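*Asks:* Okay, predicted coordinates and the sequence, questions at the end:
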Amino acid sequence: YKMAAPKDEEIGGMKTKLSKSERKAHKKQSKARQTLLRHEGINTSQEATQHLVVANAGMSNGVHREELWRLFETAGNLQDVVMVPGKPYAFVSYNDKKPASAAFTAFNGRMLKSPEELQQPNVTFYLNYIDEVPAQRSAGLELPPGLRLVEHFISPGCADRLVDGLGWTTQLHQQEDAEQTLKHRRVKHFGYEFRYDNNNVDKDKPLPGGLPDWCSQVIDKMMSEGHIKHRPDQITVNQYQPGQGIPPHVDTHSAFEDEISSLSLGGQTVMDFKHSSGKRVSVVLPARSLLVMTGEARYLWTHGIIPRKMDPVPVQGQEQSMTLARREVRTSFTFRKVRHTPCDCKYPSQCDSQPSKSGSTLPSSEEGAARLEQEHVHQVYEDIASHFSSTRHSPWPRVVDFLKTQPVGALVVDVGCGNGKYLGANRDVYALGNDRSCGLATICRDRQLEGFVCDALSVPIRTGTVDAAISIAVIHHFCTQERRLRAVKELARLLKPGGKALIYVWAFEQEYKNVKSNYLKDTKEPQTDDVRDKSTVIPDTTGTITPACSQDNSQLEQQSAGLPVHVNRTSFKSQDMLVPWHFRDGAKKRQKESQPCHSADAKQGNIAENPMNDTENGTEKAKADHGTNEKDASKQSETGNSRMQCTDNAEVENSTVAGACVSSSHQDRNQDGPVYHRFYHVFKEGEVEKLCNSVPGVSVIDRYYDKGNWCVVIQKNL
């Protein structure tokens, strides 16, 4: 929404007209306050305090802690500067209020001079007072199980010999020994060529020459010190320029044995590891360090390097404080052992050698299906209603077009209306919405919209009375074919003869006609709400069903009841899965304050609601962090400090989503808050038309692909 312009100030009983720059500063300060409340859950102070929050001075703005310290210590006795990874603001603390007030006067609303004051050009700081600086989580996170980092593994002389052996210093333009350029990154393979098109090797075509002799000393050291058990027969060397990275991925299980080792030479970098539950760990890889991935870290956690020129790293000697470190040219040697037998790891949901084990296990009874939807759809939306609603505000154009074709005075029903964002799309019709979530229906009521609570399988409206209906990102939440068919039949029952219904479901094909959906495109680290721009923040969302918060990640993986947990912002491997929604701490606090329903109310009924995010998957209710459909279409995913936070295309709009969360604890906690997991069935091309064509008395009159969703228009026969 657009913020109202600040009123003129009143001083000594007389109004003083604000200048244009002052009015602008007021607006920016107001947005900074909203950002702080949204991400940290704390309010700013109207009175001067010793603590300041400085908008546009965060790591996501490319500002260094050392720069802030140098600037703000000019105002007085500076106590601390706290920077938070991925945030567009920093906290500055003084010993008392006087220097804080001086800093406020000196820097608020002023563009910093570049490069005299700040390296980044055209940066304007906007300051607010706060009562206290929020406690920061320790940067020294526990490493994923099976991950080991050995610093100073080799000597500087050995590192020089390895780089010299590549011949890159004297053969800048020659391509030898399977050397190639990959997106401007220098790559060289030994033993076997690693194929980036299928993330595998051709095991029948070893490269001539095998592994070079000048690598033998390093491999011998790795073996003798017990870091690996299998002697590598494949090496991939990558040289990264500052700003280059690699997308999050898990090395193909069937391609290589358990241990995968990476030796870093030259500049340091930060590698991000992400568990499917949403837990993220960023690991600093110093020069000459050896990183070894085995077990869970190798098979279950994704690893990647965010493409950027600076990394957030702990301040030396102050693990609670962070700063930015500029990247330098880094050369990595990755050592692998080619596997010649199928993988039999303990993580079948992620294993390409165990397709039968990784398939979905769905309820065989009606009672079981209703229970799954209650736990992994209805209760989740009840728990995240206000947070979800805050990410659902932009109607999809083609849905609006359908609604605007309805004649004046028509009765239009939105089945699974969420927060009611489509109920006001056409003011010339009578729009009525319903949703399974009491929390979302209450939000509709508070917005003066006509909505009520009901099950999408049993809508309390008389047969044949509705001119048009929409079902946006709802039907993909039903876990069996029979229940999805019942949902379409219920829509058809409501329609008058000749009436039309528009249906959106999340698509299995997130790349259509050689164009990737926004869900797959939005994989860069999100830069959280810079007050200089109005871009939407999309949260990151990947997860696994977690039976108890206290259990470790290995237990979580093996207790996923046969349902794979989708890694957000990646292509789908299964049609039936759980999708995570990351619930931020600040949102959790506000959700509790505005909880409209008791949990007992939320457990009545057994219908699936509709989620949709505008950037991830395609369901309205699914829009929430990190990263979905229209309701979920706004969700997203990447390893590291990422803005990706949603999951379905039909649901993706601005946030992160997760499957279901119940009192029995299908909920996990990561560094930012609980992760919920929602059930989805993603539709393959032609599947939704086939479903609708099996309903007597209706015809499919249109079908199309929109924002990663399959869409159909059905009409009731005359």
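*Replies:* Thanks, I have it.
*Asks:* which strand is the longest one in this protein?
*Replies:* The longest strand of the chain (DSSP state E) is strand 495-506.
*Asks:* Now do the buried residues in that strand.
*Replies:* Using 16 or more other Cβ atoms under 10 Å as the burial criterion, the residues of strand 495-506 that qualify are Leu495, Lys496, Gly499, Lys500, Ala501, Leu502, Ile503, Tyr504, Val505, Trp506. Using the backbone N, CA and C atoms, a C-beta is placed for each residue, glycine as well.
*Asks:* Stretch 476-488 too?
*Replies:* Within stretch 476-488, judged by 16+ other Cβ under 10 Å, the buried ones are His476, His477, Phe478, Cys479, Thr480, Arg483, Arg484, Leu485, Arg486, Ala487, Val488.
*Asks:* Tell me the secondary structure of the last one, please.
*Replies:* The one in question is Val488. What DSSP: H, G, I helix; E, B strand; the rest coil gives for Val488 is helix.
*Asks:* low-confidence ranges in the stretch 601-718 of the chain?
*Replies:* Applying pLDDT under 70 to the stretch 601-718 of the chain flags the ranges 601-673.
*Asks:* Can you give the strand pairings for the longest strand of the chain, parallel or anti for each?
*Replies:* Take DSSP bridges as the rule and strand 495-506 pairs in its sheet with strand 466-472 (parallel), strand 709-716 (antiparallel).
*Asks:* who's in contact with the helix or strand following that strand?
*Replies:* With elements assigned by DSSP states H and E, the helix or strand that comes after strand 495-506 is strand 511-512. Outside strand 511-512, the residues that touch it by Cβ atoms under 8 Å, 6 or more residues apart in numbering are Ser517, Leu520, Ser571, Tyr705.
*Asks:* Out of those, the closest to Pro312 would be?
*Replies:* Leu520 (25.6 Å; Cβ to Cβ).
*Asks:* Please verify my assumption that that closest one contacts Thr570.
*Replies:* Yes - counting by Cβ atoms under 8 Å, Thr570 is a contact partner of Leu520 at 7.5 Å.
*Asks:* So what's the residue count around the residue nearest to Pro145 when sequence neighbours are not counted?
*Replies:* In space, Pro145 comes closest to Glu296 once its chain neighbours are excluded; the distance is 4.4 Å by Cβ to Cβ, 6 or more residues apart in numbering. Applying other Cβ atoms under 10 Å, we find 20 residues neighbouring Glu296.
*Asks:* so what's the nearest residue to His230 once chain neighbours are set aside up against?
*Replies:* Nearest residue to His230 in three dimensions, chain neighbours excluded: Lys337, at 3.9 Å (Cβ to Cβ, 6+ apart). Going by Cβ under 8 Å, 6+ apart, Lys337 touches His230, Arg231, Pro232, Asp233, Gln234, Phe256, Glu257, Glu259.
*Asks:* And Asp197, by the same measure?
*Replies:* The contact partners of Asp197, taken as Cβ under 8 Å, 6+ apart, number zero.
*Asks:* ok so, going back, which of the contacts of Lys337 sits closest to Val698?
*Replies:* Phe256 (51.1 Å).
*Asks:* Contacts only, for the closest residue to that closest one other than its chain neighbours.
*Replies:* For Phe256, the nearest residue in space outside its immediate sequence neighbours is Arg336; the separation is 4.4 Å by Cβ to Cβ, 6+ apart. The contact partners of Arg336, by Cβ under 8 Å, 6+ apart, come to Pro232, Asp233, Gln234, Ile235, Thr236, Asp251, Ala255, Phe256, Glu257, Ile260, Ser261.
*Asks:* Can you verify my assumption that Asn717 contacts Val695?
*Replies:* No - using Cβ under 8 Å, Asn717 makes no contact with Val695, being 10.5 Å away.
*Asks:* which stretches of the stretch 351-500 of the chain aren't confidently modelled?
*Replies:* Applying pLDDT under 70 to the stretch 351-500 of the chain flags the ranges 355-360.
*Asks:* Helices of that one, residue ranges please.
*Replies:* For the stretch 351-500 of the chain, the helices defined by DSSP state H, counting those that start in this stretch occupy 355-358, 366-373, 379-389, 397-404, 438-446, 481-494.
*Asks:* Could you say which of those is packed most deeply?
*Replies:* Of the helices of the stretch 351-500 of the chain, the one with the most neighbours on average (mean count of other Cβ atoms under 10 Å) is helix 379-389, at a mean of 29.
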